[in-house]
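[1] sequence and computational prediction follow.
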Amino acid sequence: MTKKTVALFSGGLDSCLAVKLMLDQGIEVIAVHFDVDYFLSSNMDSGQECSAETMARSLGATVKKEKLGSEYIHMLMNPKFGYGKGVNPCIDCHIYMIKKAKEIMEQLGASFIVTGEVLGQRPMSQRKDALNIVDRETGTKGILLRPLSALCFEATEPEKTGIVDREKLLGIQGRTRKGQMELARKVGLASYPSPGGGCMLTDANYARRIRHLFSRKENPEVFDFKILRLGRAINLSEKACAVIGRDEKENETLEGYRGFADAFVVPVSFKGPSAAILGEFDESAIRDIGRMILHYGKKPEGNAVLQSVFHGKTTEFEVESPFPENELKVCMI
């Protein structure tokens, strides 16, 4: 076996420590970072330079970034081992990423895989039986090393062959992060994202939006998930929804997705939010969205003028009154 490993690297505390433990043993580390930012909640302290790429390089690892697209989304819609409390297919997600890491390991001539998983930390995916499922489904038993909890498992091949010194690994388990934070102090890891945050697929509000997306669209795309992270989500029909911005920052972000939305509506004669519409709908739905925008905006004197981009055509239209509050609440996803 070679002294070279591929590490799944989120940039969080656990993956940083796992990589650090390997580097301190003189092992070359390729830190593989999967770009799933549209599913992650922010857990960075203000002002910290804690991007995964920055963190990996500061530790001394080589960075390899991987974008996840349609193949990952297919897995998300059809998880073999089911969802957690939201639409989070944690076990299937780990299986998917470790399979990809195994492919990269073989391509780059590495001999084993490292993760920052901690036994018992996550209730769905880091139970012992769940970790055994991952080993079995990925064909990585013996070459998948979890340095932070290694002493809770049988020795892996890199430990048996002496590439990794097992005595320098740990047996951390459970949900507390005290052991990891103490280890961070010992190994001189001073800057890292605050523990917490995590996957938005566990969030009840976002999960409702994703379920609605799955029910109306056979082949969702990455931009669908990005847009649905924003604003107020409105159910227009079984085949369409809209997202209306909540503040200036969200309106600006929505503007960046203008070309991906099936229609886009903005106020012209008054101050108010922007809206992106996704799915199959007609002109009446656009007018309804115009009235919803007026509900959240500053009502002008006279009729409100808005602009829509629909089927590549830009049109101005007027609405007389805002959408009723009681009806709007019913439409919320």
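    Sure thing, it's come through. Residues are numbered from 1 along each chain as shown.
[2] could you find the closest non-adjacent residue to K65?
    Spatially, and ignoring its direct neighbours in sequence, K65 is nearest to H33 (5.2 Å; C-beta to C-beta, 6 or more residues apart in numbering). For the C-beta atoms, the positions are set from N, CA and C on the backbone; glycine is no exception.
[3] burial check on that neighbour, number of neighbours?
    Using other C-beta atoms under 10 Å, H33 has 20 neighbouring residues.
[4] check G312 too.
    5.
[5] against F223, how distant is it?
    17 Å (C-beta to C-beta, to the nearest Å).
[6] and what of P147?
    Counting by C-beta to C-beta, the gap from P147 to F223 is 37 Å.
[7] of these two, who's got more company?
    For P147 versus F223, neighbours defined as other C-beta under 10 Å are more numerous around P147 (29 against 16).
[8] element containing the more buried one?
    Counting by DSSP states H and E, there is no helix or strand that carries P147.
[9] mind listing the residues bridging to V63?
    Beta-bridge pairing for V63 (DSSP bridges): A31.
[10] and it, what is it in contact with?
    By C-beta atoms under 8 Å, 6 or more residues apart in numbering, the contact list for V63 reads 9, 30-31, 33, 52-53, 56-57.
[11] try it again at 6 Å.
    Neighbouring residues of V63 by C-beta atoms under 6 Å, 6 or more residues apart in numbering: 31, 53, 56.
[12] burial check on the closest residue to N251 other than its chain neighbours, number of neighbours?
    Spatially, and ignoring its direct neighbours in sequence, N251 is nearest to G245 (3.9 Å; C-beta to C-beta, 6+ apart). Using other C-beta under 10 Å, the number of residues around G245 comes to 23.
[13] what are the ranges of the strands in this protein?
    4-8, 28-35, 40-41, 62-67, 112-114, 144-145, 198-199, 232-237, 240-244, 263-267, 275-279, 304-310, 313-319 (DSSP state E).
[14] how about the first one as PDB, C-alpha atoms only?
    So the one you mean is strand 4-8. The C-alpha coordinates for strand 4-8 follow below in PDB (Å, rounded to 0.1, in the frame of the first residue of the first chain):
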ATOM      1  CA  LYS A   4      -1.300   8.300   0.000                       C
ATOM      2  CA  THR A   5      -5.000   8.700   0.900                       C
ATOM      3  CA  VAL A   6      -8.100  10.300  -0.400                       C
ATOM      4  CA  ALA A   7     -10.100  12.100   2.300                       C
ATOM      5  CA  LEU A   8     -13.700  13.200   2.100                       C
END
